[in-house]
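>>> pasted the sequence and its predicted model underneath.
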Amino acid sequence: MIRTGEIAEVKKYVREWKRQGLTIGLVPTMGYLHEGHASLIRRAREDNDRVIVSDFVNPIQFGPKEDLAVYPRDFDADCRLCESLGADLVFHPEPEEMYAPNACTHVKVDSLTEHLCGVTRPFHFQGVCTVVTKLFHISEADRAYFGQKDAQQLAVIRRMVRDLNFPIEIIGCPIIREEDGLAKSSRNTYLNAEERKAATILYKALKKGHEMIDAGETDAAKVKDTIRSIIGTEPRATIDYVEIVDRDELQPIETIDRPVLAAVAVYIGKDRLIDNFITGSLNEKE
Ligand code: AMP
């Protein structure tokens, strides 16, 4: 497995692979890899001749008061996992390699970034779209893999790819959870033992919401109220948002009469966790 932090080095391999007519799958990550990331890498391995994993804590997607400095990192462990899953190349650049000091170009998706996490993280998706655009160009990937865990990110990237005619297929992958339902996340390491227990409230609440919709409830307010009241039973939890939006446009809806995304962001202590479910299919072809 190739490990490199240099864009030119990645491009050298990509050129050679393209010359041989091989397909390339890209899995963009911020490292500190877990089973959620592994599921994306496995899927990429199945679908493509070559797999590139990017491992980069992207500074421009963090707000000034967010956790950039303390975001967990363990590059050696990440490489061991990538190698065991059959990845061909891990790209681990320094921020200076990705961003020239005078870089002043950004990719911004409107409308889909107005609600949900866009409210409290106004520059987050611009940072994500910019780095993902760069990674698409560097890797020349045929397919890129993103988790449903970050549902808004997945929808925003799909829209960016459609709107800007990027020659790449976006594959959404289901949320991987701990046994008690908590969605796996690198940020779960921030939680102490009591907070870790409390964090299961996100899944419990969403599960109930999902059951209501499956049983035919079409009033979004009723489903959101139920989700809120279940989260409200956990004293360590503070709700940032509970939303039900159109699955593709990410606009809030009142009546559940089409595929929806139900998403929550909840502070457990001082750490903000997100989780969601969708109705309908994750990928168009599935
Ligand atoms: P991150 O390293 O947190 O930026 O995540 C990199 C990719 O892995 C994103 O596409 C995430 O949606 C995906 N991912 C993270 N956690 C999970 C999970 N529990 N299940 C599925 N995908 C995940």
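Structure received. Here the structure is a predicted model, which means the values were calculated and not measured.

>>> C-alpha only now, for contacts and for neighbours.
Will do.

>>> near the ligand, which residues of this protein are found?
28-31, 36-37, 146-150, 174-177, 183-185 (C-alpha under 6 Å from any ligand atom).

>>> restricted to buried residues, select those in PyMOL.
To isolate the buried ones among the residues of the chain next to the ligand in PyMOL, judged by 16 or more other C-alpha atoms under 10 Å, type:
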select buried, resi 28+29+30+31+36+37+146+147+148+149+150+175+176+183+184+185
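
>>> would you agree V264 is in contact with V245?
No. Contact between V264 and V245 fails when scored by C-alpha atoms under 8 Å: they sit 11.2 Å apart.

>>> who's more crowded, these two?
Counted by other C-alpha atoms under 10 Å, V264 and V245 do not tie: V264 has more neighbours, with 26 against 23.

>>> quick check: bridge partners of the more buried one?
V242, D275 (DSSP bridges).

>>> what's near enough to touch it?
With contact taken as C-alpha atoms under 8 Å, 6 or more residues apart in numbering, V264 is in contact with 202, 239-243, 274-276.

>>> and which of the residues you listed is nearest the ligand?
Nearest to the ligand out of the contacts of V264 is D275 (C-alpha to the nearest ligand atom; 9.1 Å).

>>> burial count for the closest one?
21.

>>> hang on, the earlier thing: make TSV from the contacts of V264 and add distance to T233 and pLDDT to it.
Listed next are the contacts of V264 as TSV, based on distance: C-alpha to C-alpha, whole Å; pLDDT from 0 to 100:
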residue	distance to T233	pLDDT
L202	11	98
I239	11	98
D240	15	98
Y241	16	98
V242	15	98
E243	18	98
I274	18	98
D275	17	98
N276	19	98
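
>>> most neighbours among these, which one is it?
That'd be L202 among the contacts of V264, by other C-alpha under 10 Å, with 28 neighbours.

>>> assign that one to helix, strand or coil.
helix (DSSP: H, G, I helix; E, B strand; the rest coil).

>>> roughly how far apart are it and K208?
Applying C-alpha to C-alpha, to the nearest Å, the value for L202 to K208 is 10 Å.

>>> and if you look at F91?
40 Å.

>>> higher neighbour count, those two?
Comparing F91 with K208 by other C-alpha under 10 Å, the one with more neighbours is F91, at 22 against 15.
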